[in-house]
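S.K.: Attaching a predicted model along with its sequence, questions to come.
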Amino acid sequence: MCQLMVVCNIAWWACKNPYWLYFFNKWVPGGIMAGQKQMSGCILDEQASIVEDVMKSCVKGKYGTGQCNGWKNIAKTSLIALMVNIEYTLHLLRVANISSKPKTAQILLDIVSEEVKYYIEV
């Protein structure tokens with residue numbers, strides 16, 4: 001259920017929406033719908049660790065091309081996405097919040113260098 005909510009960009013509070021509960025009970029009879037705290041907490045953490053493990057197994061021991069892209073989200077937060085392209089597949093490594101930092105090439109280089117060191121050691 002967590003994967004469905006993430007892929008469809010459904011807010012966590014929808015877990016207790018009566019229409020969502022009706023839909024869930026119709027297609028998963030007898031199932032218990034987790035609340036928003038469980039979905040956005042331990043369940044999401046578990047899913048994130050599974051995705052990280054799969055990504056690490058896909059990239060381990062292979063050469064790749066690093067990429068980064070910066071933008072501002074709806075809240076005007078400055079973000080940089082760090083990615084690696086391995087065998088024609090793009091893997092998201094991290095999204096860094098740089099709102100409080102100056103937007104310079106040196107800051108970008110520092111962020112990218114930290115990420116490269118981390119993934120070489122892992």
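M.R.: Here it is on my side, so go on. A quick note: this is a predicted structure, and the numbers were derived from the prediction, not measured. Numbering: from 1, shown residues only.

S.K.: My assumption is that G30 lies in a strand; please confirm.
M.R.: No - read with DSSP: H, G, I helix; E, B strand; the rest coil, G30 is coil and lies in no strand.

S.K.: same for the lowest-mean-pLDDT helix or strand in the chain, what does it pack against?
M.R.: Within the chain, no helix or strand scores below helix 2-7, which has a mean of 83 by mean pLDDT, DSSP states H and E. On a contact count with 3 or more Cβ pairs under 8 Å, 6 or more residues apart in numbering; DSSP states H and E, helix 2-7 meets helix 44-59. Where you see a C-beta, it was placed from the backbone N, CA and C, and this is true even at glycine.

S.K.: Report the backbone C-alpha coordinates of the helix it packs on in PDB.
M.R.: Provided in PDB are the C-alpha atoms of helix 44-59 (Å, rounded to 0.1, in the frame of the first residue of the first chain):
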ATOM      1  CA  LEU A  44       8.100   4.000   4.700                       C
ATOM      2  CA  ASP A  45      11.500   3.600   6.300                       C
ATOM      3  CA  GLU A  46      11.300  -0.200   5.600                       C
ATOM      4  CA  GLN A  47      10.400   0.400   2.000                       C
ATOM      5  CA  ALA A  48      13.200   3.000   1.600                       C
ATOM      6  CA  SER A  49      15.800   0.600   3.000                       C
ATOM      7  CA  ILE A  50      14.600  -2.100   0.500                       C
ATOM      8  CA  VAL A  51      14.900   0.400  -2.400                       C
ATOM      9  CA  GLU A  52      18.400   1.400  -1.200                       C
ATOM     10  CA  ASP A  53      19.500  -2.300  -1.000                       C
ATOM     11  CA  VAL A  54      18.300  -3.000  -4.500                       C
ATOM     12  CA  MET A  55      19.900   0.200  -5.800                       C
ATOM     13  CA  LYS A  56      23.300  -0.700  -4.100                       C
ATOM     14  CA  SER A  57      23.200  -4.200  -5.600                       C
ATOM     15  CA  CYS A  58      22.500  -2.700  -9.100                       C
ATOM     16  CA  VAL A  59      25.400  -0.300  -8.900                       C
END
